[in-house]
Structure formats: C-alpha cells, structure tokens
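[1] test case, fold it:
(one chain, ligands or ions: 1)
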Amino acid sequence: MHTTLMDDVTAIDKAISKRIGVGKHKVWFKNSTQFSVADGYLTIGVPNHFIGSWIENHFMDDIQDAIREVTGDEKKITFNVDASLSGTQKKPVLDSQAKSVRKAREVNTRRRVKPKAVKVKPLKLSLDTFIAGPGNELAFNAARAVVSESKTLFNPLFLHGGYGVGKTHLLQGICNEISKQRPGARWIYVSAEEFANEFVIALKTQKLDAFRRRFRQADVLAIDDIHFLASKPSMQEEFLHTFNTIDLAGKQIVLASDAHPKMIGQLCEKLVSRFVSGMVVKMESPDFETRCSICRQRAAEMKKHVPDEVIEHIAGSMHTNVRELEGALLKLVAFASIGNGQITLRMAEQVLAEHISRTDPIVHISDIDSATATYFGITPADIHSSKKDRTVSTARSFSMYLARKYTKMSYPEIGKLMGGKNHATVILACRKVEKWIKGNSDVKWKTETGQRVVKALTVLDELTNCIG
Ligand SMILES: Nc1ncnc2c1ncn2[C@@H]1O[C@H](COP(=O)(O)OP(=O)(O)OP(=O)(O)O)[C@@H](O)[C@H]1O
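    Numbers count the residues shown, from 1 in each chain. Predicted structure coming up:
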C-alpha cells in the first residue's frame, strides 16, 4: 500500500497518543504541536521553547518508538518554534501544563540543590569517610586536589565506573569539603536529570535568567550521572553554555558517569571534547583490603563490634560493589540484634550464604553488559539508558536474559542494575529472547557498516563465549 508523508504524520501522532496515553497527548501534543516529515527528519513545530524542552525531556523515547512503528525506520527529531501555534492552545490544556510543571517543581524543591553552599545542609557523603585503595586512589587524589586548590589542572574532573564504586561519594565529598574549607564558595551538586528538569521549569516559569545565573555562577559545579543527557540535544546545548561559562571563569566542574565520555554515545562532539579536555579517571571496584576497610568503617559507624574474621569473610565473598558489601553487613547486624547481639563467623557464614550466592554470581552483570554492548556496537551506558531504538533494546534484552541465566539475581535486581527498569520490563525482555530462540528467529540491528542479521541462537552462543 502506498502511504503519503501526511499519512505517516497522522499515524505517528496516533502512535504517540497510544504510548503516552490520551490525557498526556491532549496536554502536550494535540493543540500544541505540528509534525512534518522530510529528508529523514521529523520536525516538531512547537509554540515556544518550553513546550519543546518538556517534550524532549519527557517523551523522546516514545516519539522514536512511534516513528519506528509507523515508518519501520529511525528519524532524527528537530524542534521548530512557531509562535502561531500558541493561538491553538485551549485554556484547560494550558492549566494542565501548568499543573505538570507545579508537580515537577514540588519534587525539585525537596531535592538537595540550594543556591548557596553556605546555607545548605551538608550532603550525606564526605571525603573523610571515603576509603582509598588501588582502584580509586587516582580519583580520590584528584578530588582532594579539586578541594584544596581553587584552580586545578583537573578541570573538568570526569569520574566514570560501574555501579556503586563511589562516584557519587566523591562528588558529594568534594562539595562538603569545599563548604568546610572555603565557606564562601558556591557549589552545586545535582544529578543531570535534576539539571534538565530545572531547566524545563525555568523555561515555563520564565525564570531562565535566574536558572542560568545560579548554575553559571557556581564556583564548583558537580553533576552526577551526566550520561542522562545522552539523546537530549537541547539539554546538551544548555549544558554546553553552562560548561563554557564556568570554564571561562576558571571555576571547577566535576562530572560522574557510568561510562567514559567517548563511550556515552548520543552526546554532541563539543561536549565530548570538553569532557576529555580535563582529567578523566576510571574508578574500579575496590580490592580486598579496601573492602575490609570499608566494612570496618561501616561497623564502627553502627557502633557494632564485628570480628576481623567476619569482616574478611564478607569482603572475601563479595567483590563486586560496595552497596552489596554494605547490604551484607547490615543484614548480619540486623540478624545479630534479634539474638544476643554477638556476631560470629559461624553466624556470618549461615546468614550470608543465601545473600552471597544471590548477589555474587560467577558471572557479574557488568561483564554481561560490556560483552553485549561491544557485540552490538553500543556502550554499557546505552544499555542502562532509556533509549529504545532497535539496536539498544535488542542488546538490553540479551543482557537481561543472560543476567537471568547466569546470575542468581531476581528480576527486580536485574532491572535495578540495568538503569532502574522495573521487573516487568525484565520479564518481557527475557520472554522476547526465549521466543526468538525457540522460533529460530533472525536478530537484526544496525551497525556503522550497515545492518546485521544473525540467528538469535548464534547471538546467544557468541555472547556466552564472550562472558566465559
Ligand atoms: N571507597 C569507598 N569508601 C567508602 N564508601 C564507599 C566507597 N565506595 C563506595 N562507597 C559507598 O558505597 C555506596 C555506593 O557508592 P556511590 O553511590 O558513590 O556509587 P556510584 O559509583 O555513584 O554508583 P552508581 O553509579 O550505581 O550510582 C555508598 O554508600 C558509598 O558511600
């Protein structure tokens, strides 16, 4: 059947409505936007920057999915501000938009960002409680240098590494230490998602100047999970200006991500080149000694006596990330408090046996992520992102399936580690891969050199060989 571009536009609009629900579609798309398709682009006409940014920040994945569903292809998405569209917005729609913004703002005001460091409560994590060891020493020393010198060569300082290796700890630690050592200095610690949300709210409430002043006048700007900006071009643009202003003023920027800047993908070249222009440090999982020290420190904080042999048992059995280590210790302390309060090696072995077998698989989930990402030509950060293009979602489905097969993790645990997905997403992904294998289906995905088509079972065999 021959379809026109106009048919495509109508079908894409309908598919978006199906995905996000009629209510949200009515508020953000129905009378606010105009679509056109040409030359591999979907242009979304919007009445103002605010609507454009809100759509970009909240619905990009759904739009991409809708395009793929209708055209069987990917399209680049651009926004075009067309003031004549404002006239078509009805009052109830404007009210609903304002309500969404109010809700988002309420969430934001509960967060930890405050304009002046001098007035805010310290963040939870401090440099004093960070235990340095071979896997994180360089990052720790760079963090100390950022605190002690107002101008460092480590600018920006870009920390990257797997789950729970201490990136947030160092970012918060830097800000806390700056508060102590340079009380007048203005610092901001915020996640990239919070940065993006605040930007959208500032646009809507016409407080863009205040937003920009606040971020661009910071002496130290620490942004966590910067990979969140991937595939969000207008947020990247805003952040680029923030970055340039701070950098030109000789102020400090500290960033954390789960991947190296060049591996984040869908990040504009200008940002990547700025991120790599300073100090990029990889943080590795802590070694045995460091894990023992962290355990000792946590036990001391809880005012619990934990014998050395127990500390060594925990640290020796859990080598992946510090959150798991902390979880195991907490479980043990909780168990002891039900009895006589004493913690013994025998008790530790019993209590932690189940915990360890579940959380310390022979194959670790980060090995699965790296193998799958390399195989499909994407990055581990893509797998954890909310991107839904065919290559990423196929890779993610295989990652989840392999995690389920080769680790003892539950569906919710896998989802949490793969970028905060819910358990239903993991179940669906696993079923999808099983169906492909049973049906001897072809798996198709795009690479830089063109489309690849490989039998699902072959993909699985090759990935299994990679993760050993
Ligand atoms: N070297 C360390 N010394 C003391 N505590 C640590 C260390 N590394 C990690 N932790 C603790 O482990 C927990 C997880 O660390 P953190 O949140 O900083 O990890 P992350 O690298 O930001 O992980 P994610 O990317 O999953 O958010 C925190 O409670 C943190 O205090």
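[2] so how far is stretch 11-27 off the chain centroid?
    From the chain centre to the centre of stretch 11-27 is a distance of 26 Å (C-alpha atoms, centre = their mean, to the nearest Å).
[3] other residues contacting it?
    3, 28-29, 35, 37, 42, 59, 62-63, 65-67, 69-71, 93, 96-97, 100 (C-beta atoms under 8 Å, 6 or more residues apart in numbering). Using the backbone N, CA and C atoms, a C-beta is placed for each residue, glycine as well.
[4] how does it look with 6 Å?
    The contact list for stretch 11-27 (C-beta atoms under 6 Å, 6 or more residues apart in numbering) reads Asp62, Ile63, Ala66, Ile67, Glu69, Val70, Val93, Ser96, Gln97.
[5] and stretch 234-241, by the same measure?
    Ser53, Glu56, Ala196, Phe199, Leu229, Cys268, Lys270, Leu271.
[6] and it, what's buried?
    Ser234, Met235, Gln236, Glu238, Phe239 (16 or more other C-beta atoms under 10 Å).
[7] interface residues of the stretch 1-150 of the chain facing the ligand?
    Listed as neighbours of the ligand in the stretch 1-150 of the chain under the rule C-beta under 6 Å from any ligand atom: Leu125, Thr129, Phe130, Ile131, Asn136.
[8] spatially, which two of the contacts of stretch 234-241 are the most separated?
    Ser53 and Lys270 (18.9 Å; C-beta to C-beta).
[9] more neighbours, the two?
    Between Ser53 and Lys270, Ser53 has the larger neighbour count (other C-beta atoms under 10 Å), namely 23 against 13.
[10] rewinding a little: what subset of the contacts of stretch 11-27 is buried?
    By 16+ other C-beta under 10 Å, these give Asp62, Ile63, Ala66, Ile67, Val70, Val93, Ser96, Gln97 as buried.
[11] which of those residues sits closest to Pro156?
    For the buried ones among the contacts of stretch 11-27, the nearest to Pro156 is Ile63 (31.1 Å; C-beta to C-beta).
[12] got the contact list for the residue of the chain found nearest the ligand?
    Using C-beta to the nearest ligand atom, the point where the chain gets nearest to the ligand is Gly166, with a distance of 2.9 Å. Going by C-beta under 6 Å, 6+ apart, Gly166 touches Asn136.
[13] follow-up on the earlier one: got a winner among the residues of the stretch 1-150 of the chain next to the ligand for most neighbours?
    Asn136 (27 neighbours).
[14] that one and Leu329, how far apart?
    19 Å (C-beta to C-beta, to the nearest Å).
[15] same check, this time on Gln266
    From Gln266 to Leu329 the distance is 38 Å (C-beta to C-beta).
[16] those two: which is more packed in?
    Leu329 (26 against 19).
[17] for the more buried one, helix, strand, or coil?
    State at Leu329, reduced to three classes by DSSP: H, G, I helix; E, B strand; the rest coil: helix.
[18] so it is in contact with Gln297, correct?
    No. Contact criterion C-beta atoms under 6 Å: Leu329 and Gln297 do not qualify, at 10.2 Å.
[19] flag every residue of the stretch 201-350 of the chain that's near the ligand.
    Asp258, Pro286, Ile294, Val322, Arg323, Glu326.
[20] these, buried ones only, as a ChimeraX selection?
    The buried residues among those can be selected in ChimeraX (16+ other C-beta under 10 Å) with this line:
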select :258,286,294,322,326
